[in-house]
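>>> After the sequence you'll find the predicted model.
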Amino acid sequence: MSVSCKADGVSSPDPDIVYIYCPEYIDTCDSLSKVPKRASMVHSLIEAYGLLKCMRVVKPRIATVEEMAAFHTDSYLEHLHKVNERGDEDDPESLEYGLGYDCPATEGIFDYAAAVAGASLTAAQLLTERKCRVAINWAGGWHHAKKDEASGFCYVNDAVLGILRLRQTYERVLYIDMDLHHGDGVEDAFSFTSKVMTVSLHKFSPGFFPGTGDLSDAGLGKGRWYSVNVPLQDGIQDDNYYHIFQSVLQEVHAAFNPEALVLQLGADTIAGDPMCCFNMTPVGVGKCLQYVLQWNLPTLLLGGGGYHLANTARCWSYLTGIVIGQTLSSEIPDHEFFTEYGPDYVLEITPSCRPDRNEPQQIQQVINIIKRNLKNVV
């Protein structure tokens, strides 16, 4: 299927939109045990829709240890390097560094971390040099990793590293996290600064990972009021989510006036995800993306969660179409992973009949408290 990137039908890449890709990077990301082959499925569908010719494709570089040490501790990075050759679940130090149950110490794990970090740094660098307006790294967005600990399938916090790189040029960076789970690693990294505001919309309930991100968590010290948390309950659908997103982000933008933006678009919010919590579709996520793109800020787009692999590919392909201004055909085009999209073989995702547990009165109360808190931002 061909997509024209200009009104006159002539295909031509938009130099303002960068897509981070090379085959080696995708192969490395395919090795992540929780989402095997997901990177390939996402890229293959984007390619099958003909979207690559509408963007500038840039090969990522591998991050150096020094670059990753801008956030992560030397001892953590050294340990990742140590287990890289053969993988080592039994090393007693591995548990100290969060390596084990949900972050297995597998062979090649340091190479994977350096690849993901390097891709987000490549994207951020292009934005700092003003060589593009939007840079996309769907295989990034690993927001749970701490400075000395892997967590929640996240070994390296490429979002934090990308923000730090943007901060070399831009005074105020806004981070928006739309993953099902709270963006705890990013919030922790910047909880004491007023130069980075973090906004996270997520499921919040007792026992749900990572257990942080209550409405009252608003930052510390100089960073007080610069962490914004929007706790949500099961079953939320597109319209309600967009209403909350737009209400909160309108206030955030006015109060903080960001110069650059990092958006984490985890697809585990989408109906059909094995997490079985939210009930969103790519259309609702896309409306939120369109809302912030109208600010015309240097913007880094990252992936994140998303454990129904075909739906994650549907979602991020649809969002890529939004960035470049293309409406994608409903029929999934023929490509390597075509059979994964059965039985309907369409791009659209239908919400389930799960009830929305978010009461309008409770949501309005959350929005009102956030608005009140943001009045303290200077």
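The structure has been received and is ready for your questions. Please read these numbers as outputs of a predicted model, since none were measured by experiment. Numbers count the residues shown, from 1 in each chain.

>>> Gly100: what secondary structure?
Assigned state for Gly100: coil (three-state reduction, DSSP: H, G, I helix; E, B strand; the rest coil).

>>> which residue packs closest to it, ignoring adjacent ones?
Leaving aside its chain neighbours, Gly100 sits nearest to Ser94 (6.3 Å; criterion: CB to CB, 6 or more residues apart in numbering). C-beta coordinates here come from the backbone N, C-alpha and C atoms, glycine included.

>>> Show the pLDDT at the one you found.
We have a pLDDT of 88 for Ser94.

>>> Pretty sure Thr122 sits against Cys22.
No: taking CB atoms under 8 Å as the definition, Thr122 is not a contact partner of Cys22, at 10.2 Å.

>>> between the two, who's got more neighbours?
Neighbours were counted for Thr122 and for Cys22 using other CB atoms under 10 Å; Thr122 has more, 22 against 15.

>>> wait, is the more buried one part of a helix?
Yes: per three-state DSSP, Thr122 lies within a helix segment.

>>> how long is stretch 74-94 end to end?
End-to-end distance for stretch 74-94, by CA to CA, to the nearest Å: 15 Å.

>>> can you list the residues that contact that stretch?
Identification of contacts with stretch 74-94 by CB atoms under 8 Å, 6 or more residues apart in numbering yields 65, 68-69, 97, 99-100, 104-111, 113, 147-149, 155.

>>> do the same with stretch 107-118
Against stretch 107-118 from outside (CB under 8 Å, 6+ apart): 24-25, 28-29, 31-32, 60-64, 67-68, 77, 80-81, 83-87, 99, 139-140, 142, 155-156, 158, 161.

>>> again, 7 Å this time
Outside stretch 107-118, the residues that touch it by CB atoms under 7 Å, 6 or more residues apart in numbering are 25, 28-29, 31-32, 60-63, 67-68, 80-81, 83-87, 139-140, 142, 155-156, 158, 161.

>>> ok, of the residues you listed, which come out buried?
Neighbour counting with 16 or more other CB atoms under 10 Å marks 25, 28-29, 31-32, 60-63, 67-68, 80, 83-84, 87, 139-140, 142, 155-156, 158, 161 as buried within these.

>>> which residues in the stretch 101-250 of the chain form helices?
Taking DSSP state H, counting those that start in this stretch as the criterion, the stretch 101-250 of the chain carries its helices at 109-128, 158-166, 184-190, 238-256.

>>> Just want the phi and psi numbers for Asp283.
To be clear, residue 283 is Val; Asp isn't right here. Backbone torsions of Val283, given as degrees, to the nearest 10, read phi -60, psi -40.

>>> From the structure, what's the count of residues near the nearest residue to it once chain neighbours are set aside?
Once flanking residues are discounted, Val283 sits nearest to Asp238: 5.9 Å by CB to CB, 6+ apart. Using other CB under 10 Å, Asp238 has 19 neighbouring residues.

>>> the strands in the stretch 201-350 of the chain, which residues?
In the stretch 201-350 of the chain, the strands defined using DSSP state E, counting those that start in this stretch lie at 227-232, 260-264, 299-302.

>>> hmm, back to that, quick check, pLDDT for the residue nearest to Val283.
98.

>>> Could you measure from it over to Met55?
For Asp238, the distance to Met55 (CB to CB, to the nearest Å) stands at 26 Å.

>>> One more: Ala260?
Per CB to CB, Ala260 is found 19 Å from Met55.

>>> same check, this time on Thr169
Distance check for Thr169 against Met55: by CB to CB, it reads 22 Å.

>>> out of the two, which sits in the busier spot?
Set Thr169 next to Met55 and count neighbours by other CB under 10 Å: Met55 wins out with 25 against 16.

>>> these two touch, right, that one and Tyr21?
No: using CB atoms under 7 Å, Met55 makes no contact with Tyr21, being 9.3 Å away.

>>> May I have the secondary structure class of Ser94?
Using three-state DSSP, the structure places Ser94 in helix.

>>> Count the residues that sit near the nearest residue to Lys37 once chain neighbours are set aside.
Once flanking residues are discounted, Lys37 sits nearest to Asp30: 5.1 Å by CB to CB, 6+ apart. Asp30 has 17 neighbours, counted by other CB under 10 Å.
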